[in-house]
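Colleague: the following block contains a protein sequence and its predicted model.
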Amino acid sequence: MEMKNKHPLEIMWLGQGGFLIHLNEKRIVIDPYLSNSLSARGLERLFPVPVELEDLRPDVLICTHDHADHFDEQTIVPLLALYPDCEFIAPASVYEHYTRLGLNQDRFTVFNCGDIYTIGGLRVKAVPAFHTDKYAIGMVISAAGKKIYISGDTLLEEGLLPVVAAEKGSGFDLMMICINGKLGNMNADEALHVASVLRPSLVIPMHYGLFAENTADPAPFVHAVIESGVQCITMVPGRFIEF
């Protein structure tokens, strides 16, 4: 698969909370679950793996927390082997898992809430996420005049919106937010509230559609966001959207 390079911002949804972001000549891979490892726990994929590891070519790999659909050993270990120059940033819980696997600690940067990571002209700030992993993070990514908020897996707790809103500046161009309402995530109504407060230019729902046991219908959420005056779309896993 050929990666396009015509526009400053391209997004590919990998399913669940996973994304490939091409921004300011850098490729960021976030929470890739590109295996069927959770079938061993009875969680079968509802759609095939949407992209081959060889096609990702990441400069930076980010995992938001240490759950198997976000830090997936069967994806992460071979991905890091394929791309020895790829840098890996993630919170302390992921670092503990990573070191247990005996992986190279020199390429890992611990990235907890409030930390800022920069590479080239790209800036990533870890913001709160309230999830069953106490170290879980969301993030705000800035580069090339664009600003993106990615919620990660999170509940809508009192401490979430004030911190994220403080990162808004002149406004978020894009927000990706969980909507499934299960296993420590906010539901669609709560995600709608976040969208109504932050009012990004575009909202993309995530964390649905991969496992039958942990999904939600995105259509009512999309309709409600659009009715509130904010643009909202769903994505097809494995396909780029260009901005």
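Modeller: That came in fine, so what should we check first?

Colleague: show me where this protein has its strands.
Modeller: 9-15, 18-23, 26-30, 60-62, 87-90, 108-110, 116-119, 122-128, 137-143, 146-150, 174-178, 202-206, 231-232, 240-242 (DSSP state E).

Colleague: nearest to Leu156, out of those strands?
Modeller: Among those, the nearest to Leu156 by C-beta to C-beta is strand 174-178 (9.9 Å). Glycine gets a C-beta too; all of them are placed from N, C-alpha and C.

Colleague: so for the lowest-mean-pLDDT helix or strand in the chain, what gets flagged as buried?
Modeller: Taking mean pLDDT, DSSP states H and E as the measure, the chain has strand 240-242 as its least confident helix or strand, at a mean of 92. If you call a residue buried by 16 or more other C-beta atoms under 10 Å, then strand 240-242 has these buried ones: Phe240, Ile241.

Colleague: now stretch 34-42
Modeller: Quick answer for stretch 34-42 (16+ other C-beta under 10 Å): Leu34, Ser35, Ser37, Leu38.

Colleague: go on, stretch 166-176?
Modeller: Within stretch 166-176, the residues that qualify as buried are Glu167, Phe172, Asp173, Leu174, Met175, Met176, counting by 16+ other C-beta under 10 Å.

Colleague: and the third one, what does it touch?
Modeller: What it means is Asp173. Leu9, Lys146, Lys147, Ile148, Pro200, Ser201, Leu202, Phe243 (C-beta atoms under 8 Å, 6 or more residues apart in numbering).

Colleague: so it versus Ser228, what's the distance?
Modeller: 17 Å (C-beta to C-beta, to the nearest Å).

Colleague: next one: the fourth one
Modeller: Separation of Leu174 from Ser228 (C-beta to C-beta): 16 Å.

Colleague: then the first one?
Modeller: The gap separating Glu167 from Ser228 is 21 Å, by C-beta to C-beta.

Colleague: for the chain, which spans come out with low pLDDT?
Modeller: 1-8 (pLDDT under 70).

Colleague: now do the same contact list for Lys182.
Modeller: Asn214, Ala216.

Colleague: hang on, I meant Leu46
Modeller: So Leu46 contacts Gly209, Leu210, Phe211, Ala212, Thr215 (C-beta under 8 Å, 6+ apart).

Colleague: perfect, that will be all.
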